[in-house]
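Novice: What shape does this take:
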Amino acid sequence: MKRKILLNCNNLVETSWPMKTAGIDKDTLLNLYTLISKIRKVEIRIERLYHEDDMKTPVHLCIGQEAIAAGVCENLESDDYVFSNHRGHGHYIAKGGDLKAMIAELYCKETGCSQGRGGSMHLIDTSVGLLGSSSIVGGCIPLAVGAAMGSVLKKDKRISVAFFGDAASEEGVLYESMNFAALKKLPVIFVCENNFYSVYSHQSARQANTDITTRPKTFNIPAYKVDGRDVIDAYKKSKEAIYAARSGKGPAFIECCAYRWRGHAGPGDSLRDQYRKLDEWEKWMKYCPVKDFKNVLVNEKILTEEKIEQINKNIDTEIDEAFDFAQKSPLPKKEELTKYLYS
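Specialist: Numbering: from 1, shown residues only. This is a model prediction of the structure:
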């Protein structure tokens, strides 16, 4: 079987199927498939209902990038830390977050994971180790480094993961954070989800050197390049990086190259033809992280049609219950508008 994989983040070359499941147990493979399917289905449902205008918060969908969150978070312990960004639904779900609380937050309800005050870009759930999402580009990076420093001081062996986009790799705070993390050998994993676009600007129009993995090498930080459509590649390389960090070998950097199927914010991509190249769009859309992984597992007789149907049914039921819960939940009280303000 043939498909195209990444030669680098901007080029695809024909080669044999890259998803190598050898060495991964069946339960893990099924967990990974369930995770990426769940993330995809949740995002599709949000997109489908967003036009009703009951979700009073901007949303940034991660359709096309599901394999990254699933592959990385599958290697984390429940008490490890994750720091996310504005496109963070997948990270929250993959870290084991409460779907009801997440959807309620999109509806700005009191039952939301941020009590309806944060919305899509400010999810937080300390019970599963999601210590927060930041709408500031690169904002989560120094927070992850600080948490990793705390883990060293407390000797608790926890790992911190910062998820950020290719535009955040242009922010000075990343380099300050990498320098400090390398100096102190902190257990932090920098995960750059490179989907090539900062709103409408392609990476090639913003960066003189588009190979982001060359940058952490300045600080002697190991750097991995991952095919962000391949959940197995994401799982295996992040497993190696996380194991090393937990063993005291310091930080690692993972660049995951995927493609943003939708626009920067909201459903669809109404301006697609104005800022994307048609051949680029058509080339990348041939390869689906969910469908491709399903085909691999079916070919290897790990998944059956009956099992796929059951997984989909369970996910759909959970999503139905989450949206029903969110829509029926109460809004915050007007008199409590300032309840959670620091000052």
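Novice: Which of the helices or strands spans the most centrally placed residue in the chain?
Specialist: With distances taken as Cα atoms, centre = their mean, Ala69 lies nearest the centre of the chain, 3.8 Å away. Assigned by DSSP states H and E, Ala69 falls within helix 66-73.
Novice: can you give me how far that helix is from the chain middle?
Specialist: Relative to the chain's own centre, helix 66-73 is displaced by 6 Å; criterion: Cα atoms, centre = their mean, to the nearest Å.
Novice: And for the helix or strand that it is followed by, what's in contact with it?
Specialist: Next in sequence after helix 66-73, counting helices and strands by DSSP H and E, comes strand 81-84. For strand 81-84, contacts defined as Cβ atoms under 8 Å, 6 or more residues apart in numbering pick out 73, 76, 91-92, 95, 123, 129-134, 140-141, 143-144, 147-148, 151, 158-163. Just so you know, the C-beta spots here come from the backbone N, C-alpha and C atoms, and that holds for glycine as well.
Novice: quick one: pLDDT of Arg206?
Specialist: With respect to pLDDT, Arg206 scores 95.
Novice: give the contact list for it.
Specialist: With contacts defined as Cβ under 8 Å, 6+ apart, the neighbours of Arg206 are 167, 170, 198.
Novice: what pairs with the last one across the strands?
Specialist: In this case it means Ser198. On the basis of DSSP bridges, Ser198 is bridged to Ser201.
Novice: Roughly how far does it sit from Gly138?
Specialist: Here the distance between Ser198 and Gly138 works out to 11 Å (Cβ to Cβ, to the nearest Å).
Novice: which residues of the stretch 151-300 of the chain fall in helices?
Specialist: Secondary structure of the stretch 151-300 of the chain, counting by DSSP state H, counting those that start in this stretch: helices at 172-184, 231-246, 272-275, 278-284, 289-299.
Novice: want to try TSV for those, with distance to Ala101 as columns?
Specialist: Formatted as TSV, these follow (distance: least, Cβ to Cβ, whole Å):
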stretch	distance to Ala101
helix 172-184	29
helix 231-246	25
helix 272-275	32
helix 278-284	33
helix 289-299	24
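Novice: Among those helices, which comes closest to Lys26?
Specialist: helix 289-299 (9.3 Å; Cβ to Cβ).
Novice: Keeping just the C-alphas, turn the closest one into PDB.
Specialist: Provided in PDB are the C-alpha atoms of helix 289-299 (Å, rounded to 0.1, in the frame of the first residue of the first chain):
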ATOM      1  CA  PRO A 289      -5.500  11.000  10.200                       C
ATOM      2  CA  VAL A 290      -8.600   9.200  11.300                       C
ATOM      3  CA  LYS A 291      -9.500   7.300   8.100                       C
ATOM      4  CA  ASP A 292      -5.900   6.300   7.300                       C
ATOM      5  CA  PHE A 293      -5.300   4.900  10.800                       C
ATOM      6  CA  LYS A 294      -8.600   3.000  10.700                       C
ATOM      7  CA  ASN A 295      -7.600   1.400   7.400                       C
ATOM      8  CA  VAL A 296      -4.300   0.300   9.000                       C
ATOM      9  CA  LEU A 297      -6.000  -1.300  12.000                       C
ATOM     10  CA  VAL A 298      -8.600  -3.000   9.800                       C
ATOM     11  CA  ASN A 299      -5.800  -4.400   7.500                       C
END
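Novice: Could I get the buried residue list for it?
Specialist: Of all the residues in helix 289-299, those buried under the rule 16 or more other Cβ atoms under 10 Å are 289-290, 292-297.
Novice: counting contacts, what elements does it pack onto?
Specialist: helix 26-49, helix 66-73, helix 231-246, helix 305-328 (3 or more Cβ pairs under 8 Å, 6 or more residues apart in numbering; DSSP states H and E).
Novice: Contacts for it, please.
Specialist: Helix 289-299 has contacts (Cβ under 8 Å, 6+ apart) with 1, 3, 17, 19, 21, 29-30, 32-33, 36-37, 40, 64-67, 228-232, 258, 303-305, 308.
Novice: now it, how far from the centre of its chain.
Specialist: 20 Å.
Novice: now that helix against helix 66-73, angle please.
Specialist: Orientation check (axes from the mean of the first three to the mean of the last three Cα atoms, to 10 degrees): helix 289-299 against helix 66-73 gives 70 degrees.
Novice: could you give the mean pLDDT of helix 289-299?
Specialist: Computed over helix 289-299, the mean pLDDT rounds to 95.
Novice: Low-confidence ranges, this structure, go.
Specialist: Scanning the chain for pLDDT under 70 picks out 1-18.
Novice: can you rerun that using 50?
Specialist: Where the chain drops to pLDDT under 50, the residues are 1, 7, 14-16.
Novice: hmm, back to that, from the contacts of helix 289-299, which would you call buried?
Specialist: By 16+ other Cβ under 10 Å, the contacts of helix 289-299 give 3, 19, 21, 29, 32-33, 36-37, 40, 64-67, 228-232, 258, 303 as buried.
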